[in-house]
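Novice: Starting from these lines, generate the structure:
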Amino acid sequence: MRATRARPAVDTVIEIGNLRFAYPDGVQALRGIDLAITAGEKVALLGPNGAGKTTLLLQLNGILRGKGDIHIMGQPLNNGNLKHFRAQVGLVFENPDDQLFSPTVFDDVAFGPLYMGLPKEEVLERVRLALEQVGMAGFEERLPHHLSLGQKKRIAIATVLSMSPAILALDEPFSSLDPGARRELMYLLQALPQTMIVSTHHISIIRHLFPRTVVMDDGRIVADGDTEAILADTALLEAHGLEVF
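Specialist: So this is what the prediction gives:
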């Protein structure tokens with residue numbers, strides 16, 4: 001199954017054409033990815049372990065560089081505009097400890113705006129707004145490594161929100177969270193206005209949060225369409241090592 005949709009080019013914020021990537025050991029992680037995402041879409045990226053989901057997300061702001069074309073907000077990704085791309089695409093890693101490295105929450109959330117060279121007053125305002133958006137206002141002086149996993153994931157999201165990105169790319173944001181923390185994070189992501197592409201294995205959350213689902217396997221997109229239609233296709237899911245509980 002490979003459902004396709006017409007998407008007005010003017011609204012396309014992510015456009016990927018024939019993207020291929022191999023790791024140094026020769027493993028082919030992406031085998032010709034074609035994908036377009038329009039402004040405001042919330043898209044789930046579903047697939048078995050090793051499907052290439054994380055590798056694809058890491059391409060979106062140039063952490064990994066493959067062969068093929070990537071356009072973000074109409075601009076091609078190249079060596080000359082990496083800084084701009086990394087401000088446009090807020091990438092949140094699966095493990096928040098990979099993203100939180102400063103002495104305090106404030107320092108972590110302020111890092112991006114400071115890197116952008118923004119004046120102090122704007123940095124302070126961006127930190128304040130980002131922490132409010134993730135429900136962590138008042139945590140500025142807390143030590144990140146003393147927070148719960150759910151709190152760390154919220155702060156990790158705040159570190160990219162402070163950059164005012166147009167796009168959020170999140171890698172397994174719900175992993176290892178208890179049910180209550182998963183629900184809280186789901187409501188948070190529902191409320192955010194950014195375009196999102198989110199890798200996750202949590203089928204119940206996909207149903208509630210993502211109108212569109214892209215299924216990957218073996219470095220390829222094998223299905224792309226309405227979430228309910230894809231999740232109802234048990235033959236498709238079983239063929240790619242997925243199961244709806």
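Novice: so how far is the helix or strand bottoming out on mean pLDDT in the chain off the chain centroid?
Specialist: Scoring the helices and strands of the chain by mean pLDDT, DSSP states H and E places helix 82-88 at the bottom, with a mean of 85. Averaging C-alpha positions (CA atoms, centre = their mean, to the nearest Å) puts helix 82-88 14 Å from its chain's average.
Novice: In PDB, could you pull the C-alpha coordinates for that helix?
Specialist: This file holds the C-alpha atoms of helix 82-88, laid out as PDB (Å, rounded to 0.1, in the frame of the first residue of the first chain):
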ATOM      1  CA  LEU A  82      23.100  24.500   8.100                       C
ATOM      2  CA  LYS A  83      22.700  27.100  10.900                       C
ATOM      3  CA  HIS A  84      19.500  28.400   9.300                       C
ATOM      4  CA  PHE A  85      18.200  24.800   8.900                       C
ATOM      5  CA  ARG A  86      18.900  23.900  12.500                       C
ATOM      6  CA  ALA A  87      16.900  26.900  13.600                       C
ATOM      7  CA  GLN A  88      14.000  25.900  11.400                       C
END
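Novice: ok, then the element right after it?
Specialist: strand 89-92 (DSSP states H and E).
Novice: Quick one: mean pLDDT over that following strand.
Specialist: Across strand 89-92, the average pLDDT comes to 96.
Novice: ditto for stretch 106-113
Specialist: On average, stretch 106-113 scores 96.
Novice: Then stretch 173-183?
Specialist: Averaging pLDDT along stretch 173-183 gives 92.
Novice: and stretch 92-103, which residues are buried?
Specialist: Buried positions in stretch 92-103, judged by neighbour count with 16 or more other CB atoms under 10 Å: 92, 93, 94, 96, 99, 100. To be clear about C-beta, it is placed using only N, CA and C from the backbone, and glycine gets the same treatment.
Novice: hang on, I meant stretch 161-175
Specialist: 161-174.
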